[in-house]
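1. After the sequence you'll find the predicted model.
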Amino acid sequence: MDFALSPDAVAYRNLVRTIIADTVTNEAIDEIHRTGTFDLPALNFALAKHGLLERAVPGMGKGDPIELWILFNELEKAGAPYDGIAVSLMIAGVVNAVGTEEQKQRIIPSIVTGEAGVCMGYSEPDYGSDVASIVTRAVRDGDSWIINGAKMWTTMAHVAKWLILLTRTDPDLPKHRGLTMFILPMDTPGITVKPVHTMASEHTNATWYDDVTVGDEAVLGEVNGGWRTMTVALAFERGVMGGTNQGVPLLTHFTKWAQHVGLAQDPAVKVEMAKAAIDMHVSTLLTQRAAWIAASGGLPGLEGSMAKLFATEAYQREARALQHVAAQPGLLGFHEDGAAAEGFIDYDARHSPVTTIYGGTSEIQRNNIAERHLGLPRNR
Ligand SMILES: Cc1cc2nc3c(=O)[nH]c(=O)nc-3n(C[C@H](O)[C@H](O)[C@H](O)COP(=O)(O)OP(=O)(O)OC[C@H]3O[C@@H](n4cnc5c(N)ncnc54)[C@H](O)[C@@H]3O)c2cc1C
């Protein structure tokens, strides 16, 4: 099998690299880590201007399928802030897969021009892994739906234009069958957003919904068919658009620092660096497979779980190992004198554990793989 990129794919990669070099400045990265909002409008607009966002919507059939992997791999390797744009493109893919023609016309252009971001309201204070048990209610009232409830971890809600919201519409049906997904503007009256700051630097949010009123144009997929919409969203979220090569910028930062302080030739340190490099190669191959399936119109529910599970656990393992060999300087953060790799070792050690939680925890990915790939019985 030939894994080399075609000349067109190399040209595409060069364009992405140029856009990153032009927009992702050190000041921008500093600001993003300061605010915890991993989104950079200048980068999003530049990618959109060259048509790269539209080409990256999973299942839209634009561009070579390998481009989806190239785009996020380049963003990730460069340490660029891609969380906002990844969620937005993922939801554009969901609208494309299950939305009405009217929704596709109204929503997708606002995303692929880089103007509108999207946030995801699935998890609740009491339900994360068991998201099918959520209790936020949407009740029919004439031609409208009235939504009441609370969500937790609604990342990007403080900057997004659109919200995708999982609700319970029929409490009498079995839990997976009484759900409906909505997509609505964040400025709809009745929505409250409050910040939640995490140890990973990330600014996420708690959100509340008080008599939020929308019409049928906001129903995404079938009424009581929200689980199907959710399945599409999750298939694009895991192991497809970034989040699987975060050990690469970690290793880049570490290597530069280790060379500078004379640690890079230490055999014990070299072993850790080699282990990290091998892990990231495996993650790359797993991600290429999941991203290719998504970009070709498929749903990599299983392949994405494999990529996400391996890559995030590897990232966490590497961050711990490299922090260990960096010793005390590895405990110092950004702008602290003497910090290893200008604070990135400390950042990765704080950030990596969280990556094994969001998008579904490692245990949930293992359950998914055990049941769907290995044919083992359900554990619940
Ligand atoms: C920084 C961050 C950003 C996030 N962003 C978003 C977002 O934008 N939108 C959104 O909707 N959600 C978001 N989440 C929520 C995330 O998806 C949930 O935190 C995650 O699914 C776990 O749910 P939980 O926190 O309720 O933990 P729980 O579900 O309570 O899990 C607790 C522990 O039990 C384990 N466990 C649970 N069920 C099983 C099982 N069946 N088998 C084995 N082990 C199990 C879990 O693995 C975990 O170790 C975010 C979370 C974080 C931390």
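-> Ah, there it is. Residues are numbered from 1 along each chain as shown.
2. quick check: longest strand of this protein.
-> Assignment by DSSP state E gives strand 203-215 as the longest strand of the chain.
3. pLDDT score for the residue in the stretch 1-150 of the chain that the ligand sits nearest to?
-> Taking Cβ to the nearest ligand atom as the measure, the point where the stretch 1-150 of the chain comes nearest the ligand is residue 128, at 1.9 Å. Quick note: C-beta positions are derived from backbone N, CA and C, even for glycine. For residue 128, the model assigns a pLDDT of 96.
4. The one 5 residues further on now?
-> Residue 133 carries a pLDDT value of 97.
5. Which helix or which strand is home to the closest residue to it other than its chain neighbours?
-> In this structure, residue 133 finds its nearest non-sequential neighbour in residue 127, 4.8 Å apart by Cβ to Cβ, 6 or more residues apart in numbering. Residue 127 is part of no helix or strand when elements are defined by DSSP states H and E.
6. Could you give the average pLDDT over stretch 159-172?
-> 98.
7. okay, and for this structure, where does confidence drop off?
-> In the predicted model, the chain carries pLDDT under 70 at residues 380.
8. for it, which helix is longest?
-> For the chain, the longest helix by residue count, based on DSSP state H, is helix 267-295.
9. Against which helices or strands is the helix or strand that that one is followed by packed?
-> On the C-terminal side of helix 267-295, the nearest following helix or strand under DSSP H and E is helix 301-326. On a contact count with 3 or more Cβ pairs under 8 Å, 6 or more residues apart in numbering; DSSP states H and E, helix 301-326 meets helix 226-237, helix 247-261, helix 267-295, helix 344-355, helix 362-372.
10. And the longest strand of the chain, what's buried?
-> Applying a neighbour-count criterion of 16 or more other Cβ atoms under 10 Å, the buried positions in strand 203-215 are 203-209, 212, 214.
11. can you check stretch 219-235 too?
-> Those would be 219-221, 223-230, 232-235, for stretch 219-235 by 16+ other Cβ under 10 Å.
12. These: which ones sit near the ligand?
-> When Cβ under 6 Å from any ligand atom is taken as the criterion, no member of those contacts the ligand.
13. what about residue 32, how many residues close to it?
-> Residues lying near residue 32 (other Cβ atoms under 10 Å) number 20.
14. Following the chain past the host helix or strand of it, name the next helix or strand.
-> With the criterion set as DSSP H and E, the secondary-structure element containing residue 32 is helix 26-35. Elements were assigned by DSSP H and E; along the chain past helix 26-35, the next helix or strand is helix 41-49.
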